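> Got a predicted model here, sequence first, then my questions.
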Amino acid sequence: MEAVVASILLLTVAAAVSLKSERGAIWLSVAALALLLVVPRIELLMYSMLIVAIALINTASLTVKRNQITGVDYSLVALIAVATMYIAYTNNPAFILAAFVLASVPTYILVMVGDRANVNVAIKYITFMVLATVLFLIGAFLLFYTEYYPSEILYTLGFVMLILGLGMEVGCAPMHEWVPDVFTAADPLPVSVIASITKIVPFVAAYKILILTSSPLTAHLTLFVAFIAVVSMFTGNIGALTARETSRILAYSTVANMGYIMTTLVVLSSQNYLYLAFAGALLQLIVNAVGKASFFTSIKVDGTSTPLMYLIAMSFIGLPPFMGFYSKLFILMSLVGAGFVWLAFLLIVNSAISIPYYVRIARSLARPTIPGRATAIAFVASIIMLITVIPPNWFVDVATYLIGGV
Amino acid sequence: MILEFLLVPLIAVFIAPFFRPKAATGISAAAFLVPFVLTVYGLAANRVFEEPLIDIVKPVGTFYLLGDQISFAFGFAICIVSAMVALYSLPYMVHRFEEMSYDIEHEYRRFIFLFNLYATSMLWLVFSGNFILLYIFLEISLLSSFLLIYMYGYGNRRWVATLYFVWTHIAGMLALIGFLITGFDNGSLAFNGIAKIGFAAWLLIFLGMVIKLPGLGPHIWLPWAHAEAPTPVSALLSPLTVGLGAYVILRVYQIDPWFIKEYMVPIFVYGVISSAYAGFAVLKQNDYKRLLAYSTVSQMGYCLIAICLGSYGAMAVVIQYISHAFGKSILFMTAGGIIAVYHGLRDITKMGGMHEQVPTISNAALIGFMNLGGVLTVGMFGEFFILKGVVDTFGFNIPAILSVVFVFILSGFYGFYTLKRIYYGTPKDYKKARVPRLLDTPLYIIGVISILFILPPLAPLLLNAIKLGIGGVIP
C-alpha cells in the first residue's frame, strides 16, 4: 500500500521532469511501475506483474512515435497502472470510486494527442466518458445509500445506473456509439492505451461495489445485465464482420469482448461460482488489453511479424492453450455452474461468429518479421498469451484473493 | 511410461523444423514409430496405465494420461498412419510448393511443424484422461489442420478453411458445455472421477461429436474441407480426425451409457440413413478427393450404427476406426499420388484405365477399398462385430439386419465401382509415369499391416485387447 503512495509521488516528479527530459520521465515512470511490484502477498504479486507488463507494453507503444506531450504520456499510462493496482488493495467505497476516476481521466488527455489529433472525436469521447463516470458514481452512491436506508426502488435504480455507466465507460452496446468512431478516427497509438489497460479498473470496481452492496434483488436484476451482455456480443461481432477497416473491426471486437466480460456479472446472483466468474472476467480483460495494445501498435507501423499476429488472433478466438481459451473456459464454467446455460450457449455462438474477422485482422496485419519496437511489443504480448500453456490454477487463486477480501 | 513415449513426437514437433526437408521428414516418421512400439506393447501386455500430470481447480479435476486398451488401439492407428503420411508428404508437398511457387526449404519448415503438431495432438488426445485435456488437444488439432488448409489448400482454400473451422469449432464448444455441465454434476472431469452424465450434457456432447463425425445434415463441411486440403492433410483429417468424434462418444458411453441405450433406435436409424445417403452420394462424384470425402461420411455412419449395439458394437467402433484409418489414408494417398504425378489430375471423367500408367498406385487403391469394404482386411472384423451386435441387441430382426447388410454391400459396391471407373477399363491417353518411391511405399506398409491383422498371432492379440478394454464378454 505504501509502495502505491510512493509510486504516485514518483509520478508527480516524473510529470515535472518530463518538461526537461523525456528520458528522465520514462525512467521515473518505469521506476513507479517497478515500485508496484513491492507487494505483501504472492497473489498480488502475480496480479501486479501482469498489470505492470501491460503498462510497459502500453508505454512502449507510445514510444513508437513522438507526440505533442511526449514525456507526460508515459506518466499518464503509469498513473492508470497505479490506479489499477490500487483498486486491488482497497475495499473502501470512496477509494474504489477514486481509482475509477483516476483510471479514466488520463485517457481524456491521451485521446487528443498523436498525428491524427482530432478535436471533434476527442470531445465526443470526453462527453461520453464524463456521462459514464457520472452515471457510475451516482449508481454507486445509490447502492451504498441503500445499505443504510434499504429501499428496493433506489437499489434497482442504482444498479441500473451503475451498469449503464459501466457499459458506457468500457463500450458495451447499446451505449457503444463512441467506440468505432474514436478507434478509427483517433491516432492508433493512444488508442492502443485506451483500448487496453483502461478497461480493467471499471470492471473490478463494478465487481467490488456490487459484492459490497449485494442484496437479494440482484438475482432479479441480473437479467438486465444479461440483456446488455447479449446485445453487446451480437452488435460487436456482427459489426466486426461487416466492417472493413482494421481499426473499426478492432473497435467492434472490443464491444464484443466487453459483452463477454459483462456476462460474468450475472453470476453475482449465485455467490458460489463468483470466484470463477471474476477469474474469467479478469483474464479476458488481460487478453483484451495485451492483444489490443499489440494490434493497434501494428496498425500504426503498418503490420508486424506474421506468426505473432496469428498467435494473438488465435488467442482472441479462444483456442487452447492460449490465454484466451482459459478466460473463456472460466467464464463458461461460471455461467454453467450458476445455471445460465443459455447464456453460455449464446457466448459460444458468438465466439464462433468471431472467427472469420480475427483471421482477417491477422491476415491484414501480417508482414515479414523485421526486428523493431512493434515486433518486440507483439512478441511480449505473445509470450503473455502463452503463459497459460501450463493451466493457470494460480490465476483462480489471484482472482479469489482479489475479491475475497470483500 | 506413456509420458516418455508421448514426449518423443512432441519434441520432434519443435526440432524437426530446424533440419533440411529430408532429415525433417525422417525425424517425424521415426518419432511416430516410437509410440507405435508402445501401442503394440500396450495391446499385447493388456495393462492399464494411469499417470497423473497436474491438479486443476475444482470442476476440472486431475489431468492424467490414461493408457488402456482402447487408447492403445486408437493410438496404434494414429501412429502408423501419421508416420507413413509424414514420409509421403515430402514428395507431395515439394510438388505442391513448386505449384504455388514457394521457396521449398523455407516453406517445408512451416509445413512440417504444423503437420507434426497436428498428428501429435491427436495422439495425445487419445491418451488424455480428462475431458478438458481432451478438449484442448481437440482444439489444437483443429487449429493446426485449419492453418494447413488455409495455407496450402486447393481451390477457394481460405473460404473452405474458415468453413471447416467454424463448423468444427462449434462442435467442440458444444461438447465443451456438455463437459462443463458434467463437471459441475460430478465435481471432476477426470474419467475416473465421473459417475453419471445428465441428459443435457449427453445431448450436447453427442450433438457436438455428430457434427464432427459427421452425421447426415451437419456433414456439409466435410466434402469441402477434405477435398480441398493438401493431400497429406486430407490423409490425416479423414482417416484420423473425424473418427475421434466416435472416440469421444465411446469414452462417454463407457462412463455412463444410458443416453445411447435410451435412444438406441433413433441413433441406429440415423446412422443407417446417413451411411446409405453418403454411399449413394459417392456414386455421383466426379472429383476423386471429394468422392473419398463422401465415403468418409458413409464410413462414419458405421460408427454411429455400431455405438448402439452394446459391447460388440463398442468393439466394432474401435475396429471400424482402425480399418477406416488404414483404408482411407491409403486411398487419399493414391489420389494425391495421381495429383502429384499428373499435375493436379483429380477429375474422374478424365481418368480411366490408370492401372496401365500407375500400377503401384492402382494396386494400393485396391487394398484401400478392400479395407473400406471389409474384404480380407481388418475391416472384416468390424463388420462381423456390427452384425453380431445387431443380432444381440435387436434379436432376429430382419429389417435391422437387412439395412446393415445393405450398407455393407453399398460400401463394397461403390468401392469396386470407383476402382473400375478410375483404374480399369479403357486407358486414357496419359504417358506412363515413374512414381517416386515415397509416393507409393508408405501405402503398401499400411496395407500390409491391415492384412497382417486378420491373421494370427496379431488378430487375436488385437481382438482380445479390445475386448478387455471394452470390459466385454466373449470375442
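That came in fine, so what should we check first? Residues are numbered from 1 along each chain as shown, chains lettered A, B, ... in the order given.
> which residues of chain A score low on pLDDT?
Applying pLDDT under 70 to chain A flags the ranges A:1, A:405-406.
> what ranges do the strands span in it?
Ranges of strands within chain A are A:304-305, A:366-367, based on DSSP state E.
> Using JSON lines, lay out these together with distance to B:Thr120.
Any C-beta I mention is one placed from the backbone N, CA and C, and that applies to glycine too. Output for the strands of chain A, formatted as JSON lines (distance: least, C-beta to C-beta, whole Å):
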{"stretch": "strand A:304-305", "distance to B:Thr120": "25"}
{"stretch": "strand A:366-367", "distance to B:Thr120": "25"}
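> Most tightly packed of those?
For the strands of chain A, the largest average neighbour count (mean count of other C-beta atoms under 10 Å in any protein chain shown) is found in strand A:304-305, namely a mean of 25.
> who's in contact with the one helix or strand B:Val405 maps to?
In the assignment (DSSP states H and E), B:Val405 maps to helix B:398-422. If you take C-beta atoms under 8 Å, 6 or more residues apart in numbering or on different chains as the criterion, helix B:398-422 is touched by B:268, B:272, B:275-276, B:279-280, B:282-283, B:288, B:291, B:295, B:298-299, B:301-302, B:305, B:348, B:351-352, B:354, B:365-366, B:369-370, B:372-375, B:383, B:386-387, B:390-391, B:394.
> from the stretch 201-350 of chain B, which residue is nearest to chain A?
B:Leu204 (8.9 Å; C-beta to the nearest C-beta).
> Model confidence score at that residue, please.
At B:Leu204, the predicted lDDT confidence score is 92.
> wait, it sits on B:Thr182?
No. With contacts counted by C-beta atoms under 8 Å, B:Leu204 stays clear of B:Thr182, the gap being 9.4 Å.
> So those two - more neighbours on which side?
Shown here are B:Leu204 and B:Thr182; by other C-beta atoms under 10 Å in any protein chain shown, B:Thr182 has more neighbours (27 against 23).
> ok, the more buried one touching B:Ser188?
No. B:Thr182 sits out of contact with B:Ser188 when judged by C-beta under 8 Å, with a separation of 9.1 Å.
> shared neighbours of those two, which are they?
With C-beta under 8 Å, 6+ apart, B:Thr182 and B:Ser188 have common neighbours B:Ile194.
> Nearest residue to the residue nearest to the spatial centre of chain A in space, please, no chain neighbours.
When C-alpha atoms, centre = their mean is applied to chain A, the residue found nearest the centroid is A:Lys199 (2.5 Å). Take A:Lys199 and drop its neighbours on the chain: the residue closest to it by C-beta to C-beta, 6 or more residues apart in numbering or on different chains is A:Val170, 5.1 Å away.
> Which strands and helices lie in contact with the helix or strand harbouring B:Leu114?
Assigned by DSSP H and E, B:Leu114 falls within helix B:104-126. Contact partners of helix B:104-126 among helices and strands, from 3 or more C-beta pairs under 8 Å, 6 or more residues apart in numbering or on different chains; DSSP states H and E: helix B:2-15, helix B:21-45, helix B:69-99, helix B:131-152, helix B:231-236, helix B:243-255.
> Please tabulate these in TSV, including the columns distance to A:Val290.
Formatted as TSV, the helices and strands packed on helix B:104-126 follow (distance: least, C-beta to C-beta, whole Å):
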stretch	distance to A:Val290
helix B:2-15	24
helix B:21-45	33
helix B:69-99	34
helix B:131-152	19
helix B:231-236	31
helix B:243-255	32
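> B:Leu439 is nearest to which of those?
Counting by C-beta to C-beta, B:Leu439 lies closest to helix B:69-99 out of the helices and strands packed on helix B:104-126; the figure is 5.3 Å.
> Contacts only, for the spatially most central residue of chain B.
Note on chain B: the residue nearest the mean C-alpha position is B:Leu240, at 2.0 Å, using C-alpha atoms, centre = their mean. Listed by C-beta under 8 Å, 6+ apart, the contact partners of B:Leu240 are B:Ala77, B:Ile78, B:Val81, B:Ser82, B:Ala119, B:Met122, B:Ala325, B:Ser329.
> Kindly report the same for A:Ala281.
Contacts for A:Ala281 were tallied using C-beta under 8 Å, 6+ apart; they are A:Phe203, A:Tyr207, A:Ile261, A:Thr264, A:Leu265, A:Ile331.
> The last one touches A:Tyr260, doesn't it?
Translated: A:Ile331. Yes. Here A:Ile331 reaches A:Tyr260: they are 6.3 Å apart, a contact under C-beta under 8 Å.
> Overlap of the contact sets of those two?
Joint contacts of A:Ile331 and A:Tyr260 (C-beta under 8 Å, 6+ apart) are A:Gln284, A:Leu347.
> What residues does chain B have near chain A?
B:54-57, B:59-60, B:63, B:132, B:135-136, B:139-140, B:142-143, B:147, B:150, B:162, B:165-166, B:169-170, B:173-174, B:176-177, B:180-181, B:183-184, B:200 (C-beta under 8 Å from any C-beta of the partner chain).
> of these, buried ones?
Among the residues of chain B next to chain A, those buried by neighbour count (16 or more other C-beta atoms under 10 Å in any protein chain shown) are B:56-57, B:59-60, B:63, B:132, B:135-136, B:139-140, B:142-143, B:147, B:150, B:162, B:165-166, B:169-170, B:173-174, B:176-177, B:180-181, B:183-184.
> In space, what's closest to residue 372 - neighbours in sequence excluded?
Reading this off chain A. A:Val301 (7.1 Å).
> wrong one, chain B
Counting by C-beta to C-beta, 6+ apart, the residue nearest B:Leu372 is B:Gly327, at 4.4 Å.
> Report the contact partners of the closest residue to chain B within the stretch 1-150 of chain A.
Per C-beta to the nearest C-beta, the residue of the stretch 1-150 of chain A with the smallest distance to chain B is A:Glu43, at 14.3 Å. A:Glu43 is in contact with A:Asp397, A:Val398, A:Tyr401, A:Leu402, counting by C-beta under 8 Å, 6+ apart.
> Could you find the residue in the stretch 351-475 of chain B that comes nearest to chain A?
Closest point on the stretch 351-475 of chain B to chain A, by C-beta to the nearest C-beta, is B:Gly469, at 27.2 Å.
> A:Leu311 is in contact with A:Phe295, correct?
No. Between A:Phe295 and A:Leu311 there is no contact under C-beta under 8 Å: 11.9 Å.
> who's more crowded, those two?
Taking neighbours as other C-beta under 10 Å, A:Phe295 and A:Leu311 compare with A:Phe295 leading, 31 against 22.
> contacting residues around the more buried one?
A:Phe295 neighbours (C-beta under 8 Å, 6+ apart): A:Ser192, A:Thr246, A:Leu250, A:Met309, A:Ile312, A:Ile361, A:Leu365.
> Buried ones among those?
So, by 16+ other C-beta under 10 Å, the buried ones in the contacts of A:Phe295 are A:Ser192, A:Thr246, A:Leu250, A:Met309, A:Ile312, A:Ile361, A:Leu365.
> Pipe those into JSON lines and attach distance to chain B per row.
Shown next, in JSON lines, are the buried ones among the contacts of A:Phe295 (distance: C-beta to the nearest C-beta, whole Å):
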{"residue": "A:Ser192", "distance to chain B": "26"}
{"residue": "A:Thr246", "distance to chain B": "17"}
{"residue": "A:Leu250", "distance to chain B": "19"}
{"residue": "A:Met309", "distance to chain B": "13"}
{"residue": "A:Ile312", "distance to chain B": "14"}
{"residue": "A:Ile361", "distance to chain B": "13"}
{"residue": "A:Leu365", "distance to chain B": "16"}
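> Okay, and which of those residues map to helices?
A:Ser192, A:Thr246, A:Leu250, A:Met309, A:Ile312, A:Ile361, A:Leu365 (DSSP state H).
> what's the burial count for A:Val101?
14.
> Would you tell me which residues of the stretch 151-300 of chain A are close to chain B?
When proximity is defined as C-beta under 8 Å from any C-beta, the stretch 151-300 of chain A approaches chain B at A:Leu276.
> Where does the stretch 151-300 of chain A get nearest to chain B, residue-wise?
For the stretch 151-300 of chain A, C-beta to the nearest C-beta, closest residue to chain B: A:Leu276, 7.7 Å.
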